[in-house]
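1. please work out how this folds:
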Amino acid sequence: MQADFKVGDRIDRVVVVAKKVRRNFSGGTFLLFQFSDKDGSMKGVMWDPPVEVEESVRASDVVRITGEIQEYQGSLQIKVGAMEKMDSEEYNPSLFLPVSGRDVEEIYIAILNLIESIHNDDLRNLLNTIFGNAGFKKNFLQAPAAKGWHHAYIGGLAEHVHDMAQFAMRAADIYPEVDRDVLFAGVLLHDLGKIQELAVTNHIDYSDRGRLLGHITMGVELLDEYLRGLERFPRELELHLKHLILSHHGTLENGSPILPMTVEALLLHYLDNLDAQVRGTLQVLERGGEGNWTEYVRLLDRFIYRGAGDGTPDERGMGG
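-> This is a model prediction of the structure:
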């Protein structure tokens with residue numbers, strides 16, 4: 001954040017209040033701040049703050065600030081002239097959060113094209129109803145697929161679903177006995193509840209409903225809402241779709257209330273886990289670092305070997 005400014009620059013910027021401290025001086029009151037966005041952080045000071053700033057602005061709030069860059073004890077800081085607290089709908093979360101490096105609009109078009117390839121009329125109609133909804137599209141393209149492991153960024157859910165669909169196409173070719181249409185539908189619907197489970201503001205966290213119910217339960221609820229809007233939908237197919245959502249974590253200890261009991265459900269679970277673990281591992285490797293190994297990855301209970309500096313394994317470090 002500091003690299004963008006020099007002394008005397010005027011500033012008008014949307015930032016997160018990382019820290020707020022009240023101080024008194026002989027002439028009144030001032031507030032000390034730590035502001036941040038995805039470019040970094042910077043300290044700030046506001047002299048004689050208005051009552052609404054003192055009372056309503058808290059740490060982790062998003063605010064719009066105007067002011068001037070000044071130097072204090074050898075470092076740049078913002079002398080805040082005005083501050084306005086912002087509601088979540090008034091700013092773009094990408095100001096503070098990592099964003100998919102891929103074009104999510106293109107991903108969405110690819111998903112719509114996959115839906116058109118589904119032969120089952122009932123499934124195709126249901127999926128077109130869901131993915132053709134403008135409100136759903138906006139929420140889907142903003143949603144991460146997780147809070148902190150795989151695809152934990154804006155657009156992550158769209159990436160995850162799209163890449164799983166690519167795996168599913170190949171799997172259906174290898175296993176022609178699998179109901180391709182049902183498998184595709186399961187891929188597109190399995191994480192439907194993530195849209196409501198994860199709240200995306202200036203950070204990614206669980207919503208209250210998400211923490212209380214979880215995305216598996218919420219996914220079945222959302223599916224029910226869309227099914228109620230259709231005139232007829234085969235009962236057997238409805239049961240299979242709900243089973244796919246409920247069982248996609250694979251085991252009871254991993255959060256699924258029921259084990260996969262169809263070949264499509266079993267395959268969906270493995271495709272989901274494959275994409276999640278490989279993408280999560282790649283993200284760890286992309287973070288860089290020193291040495292031949294990543295930091296300890298608690299979720300996988302291991303270190304990940306990134307390779308020796310010359311591109312060949314270090315035999316002394318590989319055992320023997």
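
2. so who does the residue nearest the centre of the chain touch?
-> Nearest residue to the geometric centre of the chain (Cα atoms, centre = their mean): Pro144, 1.9 Å. For Pro144, the contact set (Cβ atoms under 8 Å, 6 or more residues apart in numbering) comprises His151, Ala152, Tyr153, Ile154, Gly155, Gly156, Leu157, Lys194, Leu198, Val200, Ile204. To be clear about C-beta, it is placed using only N, CA and C from the backbone, and glycine gets the same treatment.

3. the helix or strand harbouring Glu106 packs against which elements?
-> In this structure, Glu106 is located in helix 104-116 according to DSSP states H and E. With contacts defined as 3 or more Cβ pairs under 8 Å, 6 or more residues apart in numbering; DSSP states H and E, helix 104-116 has these neighbours: helix 121-131, helix 134-142, helix 156-174, helix 180-189.

4. what's downstream of the last one, the next helix or strand?
-> In other words, helix 180-189. Taking DSSP H and E as the definition, the helix or strand right after helix 180-189 is helix 194-197.

5. centre of the chain to that following helix, how far?
-> The chain centroid and the centroid of helix 194-197 are separated by 10 Å under Cα atoms, centre = their mean, to the nearest Å.

6. same check, this time on stretch 161-181
-> On the basis of Cα atoms, centre = their mean, stretch 161-181 sits 24 Å off its chain's mean C-alpha point.

7. equivalent analysis for stretch 220-228, please.
-> On the basis of Cα atoms, centre = their mean, stretch 220-228 is displaced by 23 Å from the centre of the chain it belongs to.

8. swap in stretch 263-282?
-> Chain-centre distance of stretch 263-282: 17 Å, with Cα atoms, centre = their mean.

9. same check on stretch 135-149?
-> The offset between the C-alpha centroid of stretch 135-149 and the centroid of the whole chain comes to 6 Å, using Cα atoms, centre = their mean.

10. could you give me the average pLDDT of that stretch?
-> The predicted model gives stretch 135-149 an average pLDDT of 92.

11. put the alpha carbons of it into CSV.
-> These are the backbone C-alpha positions of stretch 135-149, laid out as CSV (Å, rounded to 0.1, in the frame of the first residue of the first chain):
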residue,chain,number,x,y,z
GLY,A,135,-28.9,-13.6,-9.1
PHE,A,136,-27.6,-17.1,-8.8
LYS,A,137,-24.9,-16.4,-11.4
LYS,A,138,-23.7,-13.3,-9.5
ASN,A,139,-23.4,-15.2,-6.2
PHE,A,140,-21.9,-18.3,-7.8
LEU,A,141,-19.1,-16.4,-9.6
GLN,A,142,-18.2,-14.5,-6.4
ALA,A,143,-18.2,-17.6,-4.1
PRO,A,144,-15.0,-19.3,-3.0
ALA,A,145,-15.1,-23.1,-2.7
ALA,A,146,-13.6,-23.1,0.8
LYS,A,147,-12.5,-20.8,3.6
GLY,A,148,-8.9,-21.7,3.7
TRP,A,149,-7.7,-24.8,1.8
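
12. which parts of that stretch are buried?
-> Within stretch 135-149, the residues that qualify as buried by neighbour count (16 or more other Cβ atoms under 10 Å) are Phe136, Lys137, Phe140, Leu141, Gln142, Ala143, Pro144, Ala145, Ala146, Trp149.

13. still on that earlier bit, of the helices and strands packed on helix 104-116, which approaches Glu55 most closely?
-> Taking Cβ to Cβ as the criterion, helix 134-142 is the member of these that comes nearest to Glu55, at 30.9 Å.

14. can you tell me what sits against stretch 235-245?
-> Contacts made with stretch 235-245 from outside it, assessed by Cβ under 8 Å, 6+ apart, are listed as 120, 122-123, 182, 185-186, 189-190, 192-193, 216, 219-220, 223, 227, 258, 260-262, 264-265, 268.

15. what's the ChimeraX line that selects buried ones from these?
-> Buried members of those, defined by 16+ other Cβ under 10 Å, are picked up in ChimeraX with:
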select :120,122,123,182,185,186,189,190,192,193,216,219,220,223,227,260,262,264,265,268
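
16. give the closest residue to the residue nearest to the centre of the chain in space, chain neighbours not counted.
-> In space, not counting the residues next to it along the chain, Pro144 is nearest to Gly156; the distance is 4.2 Å by Cβ to Cβ, 6 or more residues apart in numbering.

17. for the helix or strand containing Met46, buried residues please.
-> Secondary-structure assignment from DSSP H and E places Met46 in strand 40-47. With burial defined by 16+ other Cβ under 10 Å, the residues of strand 40-47 counted as buried are Met42, Lys43, Gly44, Val45, Met46.

18. doesn't Val14 fall inside a strand?
-> Yes - inclusion of Val14 in a strand is indicated when DSSP: H, G, I helix; E, B strand; the rest coil is applied.

19. count the residues that sit near it.
-> Under the neighbour criterion other Cβ atoms under 10 Å, Val14 is assigned a count of 18.
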